[in-house]
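Asker: next comes the sequence, and after it the predicted model I'd like to discuss.
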Amino acid sequence: METAGAVVFLPREGNRKSLMLEDVLFDPAAVWLVRALEQGGVDRFLVVCHQDDREEAAGCFPEGTGFITTGTDGASERLGAFLREREGRVVVVTRPVQMSAAQVKQLLGDSVSGPLDDKETGVCRIDAAALAAALDEGMPIEGALRARADKPNGRSVWFQGARPLHGDWSSRVETELLARNESAVRLMEAGVRILDPNNVYIGPRVEVGEGSVILPGTILRGRTIIGENCELGPNTMIRDCTIGDRVTVNASQLNESTVLSGTKVGPFAYVRPNCHVGHDVKVGDFVELKNSTIGDGTKISHLTYVGDSDVGSHVNFGCGTVTVNYDGITKYRTTIGDNAFIGCNTNLVAPVKVGDGAYTAAGSTITDDVPADSLAIARDRQIIKKQWAAKRRSRRK
């Protein structure tokens, strides 16, 4: 596929930041545009924006993008230098717009279709050398585009497939519906099965492997990468995570973490940032993980909090386990060795270590380190007072 460059203007409306920096679903409109341009064949960007938008815009474009601040000395020369470095066509975007990858491919190809109209959409295709020469002659950018831009199939210089963005609520609704559908189509074309494309919300930077299934109510956002043959949902949100192959996430939320292959999460689990969950782990219902490493094959089946912890492989957590990591001032870490068995309703008061193969008895509050292959019992002995209840009832008569 022939590659091209792109010059993208991010104009402001009054004192507000550019519409291209406002979110569509979960990402700025500029990120959606970049994704479409890259898939359509653009491999190099130059951005023209207001100084106050420079930092935010940088987060929307790939590394190596050039930036020109409007109104600064030498802006025209820098634009000309970018164009002279390119061979062939460039895409120029002068206003906030929404485009799909298919439309970009159409624009860069020779099969442009659509209405016979000369409506100024803000998107055109032009030979880089021709635009550079026009700017060297002192022509303003708009005039240069009108005079020198291509007219595919004899049509207008403006690509009529581009959809201009507006700030009103009705336009935003349509924009987000189109973005939602574009992401669903992109993944389905890549071999992902989506049971209800109208009931999933997927950002432009999300990647999902072939053979994965996305169930209704699923939200995938940020820089999330999902492996092959996973099952996500229903009612699941995953943000800025890396997920391995054959992972199941059911009715749960995962944030800024890594989950390796074969793991099952949920239902109703909550994985907070900075977690690394190993292969074939079970993170069951009403389990919360935070800033923790979980080894391969570990089972955390239900009603457990694991925070600021380093957990080995093949550990079993009984129901109701809590790592007590915070004393009101400082967070402390808990370390649990391989093949340990944590009994139900155990409190692990950090900082504390449980050795390899060690057991904690149900109902214990562990405050001291437990050596490997040992049993820790930290609870009062049971006392039975025979006939106590019967005597108490007799006193009420």
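Answerer: Thanks, I have it.
Asker: immediately after the biggest helix by length in the chain, which helix or strand?
Answerer: Looking across the chain with DSSP state H, the single longest helix is helix 169-189. Using DSSP states H and E, the helix or strand that follows helix 169-189 in sequence is strand 193-194.
Asker: neighbouring strands for that next one, and are they parallel or not?
Answerer: Sheet pairing for strand 193-194, assigned by DSSP bridges, gives strand 213-214 (parallel).
Asker: ok, and what's touching the strand it pairs with?
Answerer: By C-beta atoms under 8 Å, 6 or more residues apart in numbering, the residues outside strand 213-214 that reach it are 187, 192-195, 200, 202, 208, 220, 230-233. Heads up, the C-betas are built off the backbone N, CA and C, glycines and all.
Asker: among these, which ones are buried?
Answerer: Leu187, Val192, Ile194, Val200, Ile202, Val208, Leu220, Cys230, Glu231, Leu232, Gly233 (16 or more other C-beta atoms under 10 Å).
Asker: what's the most distant pair in those residues?
Answerer: The distance between the two most remote of the buried ones among the contacts of strand 213-214 (C-beta to C-beta) is 15.4 Å, for Ile202 and Glu231.
Asker: returning to that earlier point: looking at the buried ones among the contacts of strand 213-214, which are in strands?
Answerer: Members of these lying in strands (criterion: DSSP state E): Ile194, Val200, Ile202, Val208, Leu220, Glu231, Leu232.
Asker: and the residues you listed as TSV, adding distance to Val324 and pLDDT?
Answerer: As requested, those are exported to TSV (distance: C-beta to C-beta, whole Å; pLDDT from 0 to 100):
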residue	distance to Val324	pLDDT
Ile194	42	98
Val200	38	97
Ile202	38	97
Val208	38	98
Leu220	34	98
Glu231	34	98
Leu232	32	98
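Asker: from the residues you listed, pick the one nearest Ala147.
Answerer: For those, with Ala147 as the reference and C-beta to C-beta as the criterion, the closest is Ile202, at 40.7 Å.
Asker: beta partners for that closest one?
Answerer: Residues in beta-bridge contact with Ile202 (DSSP bridges): Leu220.
Asker: quick one: it from Glu38, how far?
Answerer: 17 Å (C-beta to C-beta, to the nearest Å).
Asker: how about Gly244?
Answerer: Taking C-beta to C-beta, one finds Gly244 at 25 Å from Glu38.
Asker: those two: which has the busier surroundings?
Answerer: Comparing Gly244 with Glu38 by other C-beta atoms under 10 Å, the one with more neighbours is Gly244, at 20 against 17.
Asker: so how far is Gly266 from the more buried one?
Answerer: With C-beta to C-beta as the criterion, Gly244 and Gly266 are 16 Å apart.
Asker: centre of the chain to stretch 141-153, how far?
Answerer: 37 Å (C-alpha atoms, centre = their mean, to the nearest Å).
Asker: contacting residues around stretch 347-354?
Answerer: With C-beta under 8 Å, 6+ apart, stretch 347-354 has contacts from 308-309, 321-325, 332-337, 340, 342, 360, 364-370, 376.
Asker: check the spatially most central residue of the chain and give its pLDDT.
Answerer: In the chain, the centroid-proximal residue (C-alpha atoms, centre = their mean) is Gly222; its distance is 2.0 Å. With respect to pLDDT, Gly222 has a value of 96.
Asker: then Leu116?
Answerer: 55.
Asker: pass me the low-pLDDT residue ranges in the stretch 151-300 of the chain, would you?
Answerer: 153-154 (pLDDT under 70).
Asker: mind listing the helices in the stretch 101-250 of the chain by residue range?
Answerer: If DSSP state H, counting those that start in this stretch is used as the criterion, the helices of the stretch 101-250 of the chain fall at 101-108, 128-136, 141-148, 169-189.
Asker: one step back: go through the buried ones among the contacts of strand 213-214 and say which is closest to Phe286.
Answerer: Gly233 (18.1 Å).
Asker: what about the residue nearest to that closest one when sequence neighbours are not counted, neighbour count?
Answerer: Leaving aside its chain neighbours, Gly233 sits nearest to Leu215 (3.1 Å; criterion: C-beta to C-beta, 6 or more residues apart in numbering). Close neighbours of Leu215, defined as other C-beta under 10 Å, add up to 20.
Asker: same deal with Ile68?
Answerer: A count of nearby residues for Ile68, using other C-beta under 10 Å, gives 20.
Asker: you'd agree it is up against Val47?
Answerer: Yes. The criterion here is C-beta atoms under 8 Å, and Ile68 meets it with Val47 at 7.2 Å.
Asker: what angle sits between the helix or strand encompassing Gly80 and helix 141-148?
Answerer: In the assignment (DSSP H and E), Gly80 maps to helix 75-85. Per axes from the mean of the first three to the mean of the last three C-alpha atoms, to 10 degrees, the angle that helix 75-85 makes with helix 141-148 is 40 degrees.
Asker: got the contact list for the helix or strand just after helix 75-85?
Answerer: On the C-terminal side of helix 75-85, the nearest following helix or strand under DSSP H and E is strand 89-93. Strand 89-93 has contacts (C-beta under 8 Å, 6+ apart) with 4-9, 33, 37, 42, 83, 104, 107-108, 122-128, 131, 141, 145, 149-150, 162.
Asker: give me that answer again for 7 Å
Answerer: For strand 89-93, the surrounding residues in contact (C-beta atoms under 7 Å, 6 or more residues apart in numbering) are 4-9, 37, 42, 83, 107-108, 122-128, 131, 145.
Asker: which of those residues fall in strands?
Answerer: Going by DSSP E, the strands hold Ala4, Gly5, Ala6, Val7, Val8, Phe9, Val42, Val123, Cys124, Arg125, Ile126, Asp127 from those.
Asker: for Ile141, grab the count of nearby residues.
Answerer: 17.
Asker: in terms of pLDDT, where does it sit?
Answerer: At Ile141, the pLDDT recorded in the model is 85.
Asker: contacting residues for the closest residue to Arg186 other than its chain neighbours?
Answerer: Leaving aside its sequence neighbours, Arg186 sits nearest to Ala101 (C-beta to C-beta, 6+ apart; 7.2 Å). Going by C-beta under 7 Å, 6+ apart, Ala101 touches Ala36, Gln39, Gly40.
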